[in-house]
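**Student:** can you look at this prediction? I've put the sequence above it.
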Amino acid sequence: MMNFRVNRLFLTMFGAWVLIAAPAACAGRPPGGDDSLAQSLKPPYLTNVEERGGITIWIVDGTFVRTHIDEEFTNYGQHYAFKFIPANEFWIDREGKPDEMQFFISHLLVEHALMAKGVSYDDALDSADRAELKERKKAGDVERLTEGGNLPDPAKVHLTLWKHLASGVSVWIVDGRLVRSVFDVDFTEGGHDHVYEFIPQGEVWIDNDLAEVERPYVLLHELHERNLMARGWEYDRAHAESSRLEEHYRHNPGELHAALGREGWE
């Protein structure tokens, strides 16, 4: 799912429906100081990670944020990109596989500092992406997908074939960390071949970092968006319509299975 982020080329089972009711409480800043955090946490706050230069870094419940605050919230965010995040906080979504937090913090430190000085989001994003990619390269992720100087192999990010549809489309659970480290640092939640050049023809990818309870909603978004773009819709229009549907079904989960069926999921 690209949302408002920039797509770049090579920048570098769900077996049963699981539907849960999201908390009814509204998001809010935990009252009190550090001594009272354990008693005062409110959705979407989960864990106080650390302090960096006056910024409190929180692990948050991204499912709650996307369902009740902003469907476009992705792996992380800061105040100047998401106004609902307090100015002195970074929010990082709880990872399905917790191994990217330090990459995200490196990104947020640069993005937040530049935007606080009045730098545009797009320019701050470019600088933050470069800082994040530098850390990812040092971690050795690029070498995991390349051999002998060849281009990265997209098949190497496949983890599990979720389903092969009658239309010929294959839906894969993929290693989101490797996708971000090697193909597109801004990849998040999911994507398909009509948007991302590196996704093979006829494939939809779902990020393994996404909580399983959210995967069907993102799946609906990606299938609907792909179907619209196959009919000639431009990305921005198809994305906006797919986001509208995703938000609706997050609040009406009982209708989700039928909606997926209309997109070719049988």
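**Tutor:** Done, it's in. Numbers count the residues shown, from 1 in each chain.
**Student:** give the buried residues for stretch 110-125.
**Tutor:** Neighbour counts over stretch 110-125 (16 or more other CB atoms under 10 Å) mark V110, E111, H112, A113, L114, M115, V119, A124, L125 as buried. For glycine as for every other residue, the C-beta is placed from the backbone atoms N, C-alpha and C.
**Student:** quick check, nearest of those to N48?
**Tutor:** Using CB to CB, H112 is the member of the buried residues of stretch 110-125 that lies nearest N48, at 17.5 Å.
**Student:** the residue nearest to the closest one when sequence neighbours are not counted: how many residues sit nearby?
**Tutor:** Distance criterion CB to CB, 6 or more residues apart in numbering; nearest residue to H112, sequence neighbours excluded, is Q78 at 4.4 Å. Other residues lying near Q78 total 25 when counted by other CB atoms under 10 Å.
**Student:** got the contact list for Q78?
**Tutor:** I85, E89, F90, W91, L108, E111, H112, M115 (CB atoms under 8 Å, 6 or more residues apart in numbering).
**Student:** could you measure from it over to F104?
**Tutor:** Going from Q78 to F104 by CB to CB, to the nearest Å gives 10 Å.
**Student:** where does the stretch 1-150 of the chain dip in pLDDT?
**Tutor:** Applying pLDDT under 70 to the stretch 1-150 of the chain picks out residues 1-40, 148-149.
**Student:** any idea where the strands of it begin and end?
**Tutor:** For the stretch 1-150 of the chain, the strands defined by DSSP state E, counting those that start in this stretch occupy 45-52, 55-60, 76-78, 89-93.
**Student:** nearest the geometric middle of the chain, what residue?
**Tutor:** T188 (3.1 Å; CA atoms, centre = their mean).
**Student:** isn't it up against T74?
**Tutor:** Yes - between T188 and T74 there is a contact under CB atoms under 8 Å: 4.1 Å.
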